[in-house]
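Enquirer: show me how the following folds:
(one chain, ligands or ions: 1)
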Amino acid sequence: MTTEIERLARLIEESERIVVFTGAGISTESGIPDFRSPGGVWSRYDPEDFTIQRFVSSTAARKAFWQMSAEGGLLADAKPNPAHHAIADLYRLGKLDCIITQNIDNLHQKAGVPEDRVLELHGNMRRVVCLTCRSRFPLPEMVQKAEEVAGIPDCPGCRGILKPDAVLFGEALPVVTLREATRRAQKCDLCLVIGSSLVVYPAAYMPVYAREAGASLAIVNLTSTPLDYDASVCIQGKAGEIMPRVMEMVQ
Ligand code: NAD
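Expert: Numbers count the residues shown, from 1 in each chain. Sure, this is the predicted structure:
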């Protein structure tokens, strides 16, 4: 494995415009379960409860969301782990073009990567959005309001329904972010995938676009992915253990 770690370090040294593509696997070492590993989210919750149709039509579903948020939710206390910090080091070295992430946990920003370098394909749970006027509000502010009204707060501007600003099942991905992510993937010289099964589309097209445009591909993931065959370096293991070792070797 050392050889592979060295090869990834060399690849990073040779690259100037790196796009890092991350999925739920980068955050499991921060205590946030992924979706598909044994014990992951889908072995404990019903995906039907996370559809936009259910959220809009069911007061009970919305109440459950606000209650869960008031209790701190799954993500509130999570802290970035060494893999998030390693990517922040890439930014400080001036090599990171951007992170394209499927995660909604805000951990790249918490690790010190500026907001405008993180393209969130599936949104972010720290905000809520009004389904009528599209205004966005910080979640903690609205959680406080939920406690004041002892139930479900509505939009302070237009009284519309407030929804987590993460993409629920049945919702489209944010078009502008998706377009920008595609453009950046097509312009990078290295696409580094960390902690993604690469089976959720259209997000998983990003490394494919990068390869088609001539970039190198590197993958760090616990299990194999459908794109391993096309990667210059492929390391199977824990991102929080591998990425700091890689960055230690980067000159
Ligand atoms: P996924 O659950 O499909 O795959 C995660 C991958 O990470 C798996 O292949 C697994 O083997 C690997 N993995 C697990 N722990 C790892 C570790 N320590 N180091 C390296 N690899 C590890 O997740 P996905 O590909 O991101 O796509 C599924 C969806 O999950 C996305 O839509 C995303 O929005 C959502 N999601 C996000 C979070 C979060 O924000 N943290 C959590 C759960 C799910």
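Enquirer: and P138, backbone torsions?
Expert: phi -70, psi 140 (degrees, to the nearest 10).
Enquirer: excluding chain neighbours, what is closest to it?
Expert: R127 (6.2 Å; Cβ to Cβ, 6 or more residues apart in numbering). To be clear about C-beta, it is placed using only N, CA and C from the backbone, and glycine gets the same treatment.
Enquirer: so which strand or helix has the one you found?
Expert: strand 123-130 (DSSP states H and E).
Enquirer: run the chain-centre distance for the helix or strand that contains R10.
Expert: Assignment of secondary structure by DSSP H and E places R10 within helix 2-14. Centroid displacement of helix 2-14 relative to its chain, using Cα atoms, centre = their mean, to the nearest Å, is 24 Å.
Enquirer: could you measure A61 against the ligand, distance?
Expert: Distance from A61 to the ligand, counting by Cβ to the nearest ligand atom, to the nearest Å: 18 Å.
Enquirer: and that residue, which of the three is it?
Expert: helix (DSSP: H, G, I helix; E, B strand; the rest coil).
Enquirer: that one: how many residues sit nearby?
Expert: Applying other Cβ atoms under 10 Å, we find 16 residues neighbouring A61.
Enquirer: what ranges do the helices span in the stretch 151-251 of the chain?
Expert: 175-187, 205-212, 239-249 (DSSP state H, counting those that start in this stretch).
Enquirer: ok, which of those helices comes nearest the ligand?
Expert: helix 239-249 (3.7 Å; Cβ to the nearest ligand atom).
Enquirer: can you tell me how far the most centrally placed residue in the chain sits from T28?
Expert: In the chain, the residue lying closest to the centroid (Cα atoms, centre = their mean) is N103, at 1.9 Å. Distance of N103 to T28, given as Cβ to Cβ, to the nearest Å: 11 Å.
Enquirer: equivalent analysis for R7, please.
Expert: R7 is 24 Å from T28, by Cβ to Cβ.
Enquirer: T28 touches D34, doesn't it?
Expert: Yes: counting by Cβ atoms under 8 Å, T28 touches D34, with 5.4 Å between them.
Enquirer: give me the common contacts of these two.
Expert: G195 (Cβ atoms under 8 Å, 6 or more residues apart in numbering).
Enquirer: quick revisit: can the helix holding R10 be found next to the ligand?
Expert: No: judged by Cβ under 6 Å from any ligand atom, helix 2-14 stays clear of the ligand, getting no closer than 13.5 Å.
Enquirer: please apply the same query to stretch 109-128.
Expert: Yes: counting by Cβ under 6 Å from any ligand atom, contacts between stretch 109-128 and the ligand involve H122.
Enquirer: how about the CA coordinates for stretch 71-91, as PDB?
Expert: The C-alpha coordinates for stretch 71-91 follow below in PDB (Å, rounded to 0.1, in the frame of the first residue of the first chain):
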ATOM      1  CA  GLU A  71     -32.500  17.300  19.300                       C
ATOM      2  CA  GLY A  72     -29.300  18.200  17.400                       C
ATOM      3  CA  GLY A  73     -29.900  16.000  14.300                       C
ATOM      4  CA  LEU A  74     -27.300  13.500  13.000                       C
ATOM      5  CA  LEU A  75     -24.800  16.100  11.900                       C
ATOM      6  CA  ALA A  76     -24.700  19.000  14.300                       C
ATOM      7  CA  ASP A  77     -21.900  17.800  16.500                       C
ATOM      8  CA  ALA A  78     -19.800  16.100  13.800                       C
ATOM      9  CA  LYS A  79     -16.300  17.300  13.400                       C
ATOM     10  CA  PRO A  80     -14.000  17.000  10.400                       C
ATOM     11  CA  ASN A  81     -11.600  14.100  10.500                       C
ATOM     12  CA  PRO A  82      -8.000  13.800   9.200                       C
ATOM     13  CA  ALA A  83      -9.300  13.200   5.600                       C
ATOM     14  CA  HIS A  84     -11.200  16.500   5.600                       C
ATOM     15  CA  HIS A  85      -8.100  18.200   7.000                       C
ATOM     16  CA  ALA A  86      -5.800  16.600   4.300                       C
ATOM     17  CA  ILE A  87      -8.100  18.200   1.600                       C
ATOM     18  CA  ALA A  88      -7.900  21.500   3.400                       C
ATOM     19  CA  ASP A  89      -4.100  21.100   3.200                       C
ATOM     20  CA  LEU A  90      -4.400  20.700  -0.600                       C
ATOM     21  CA  TYR A  91      -6.300  24.000  -0.600                       C
END
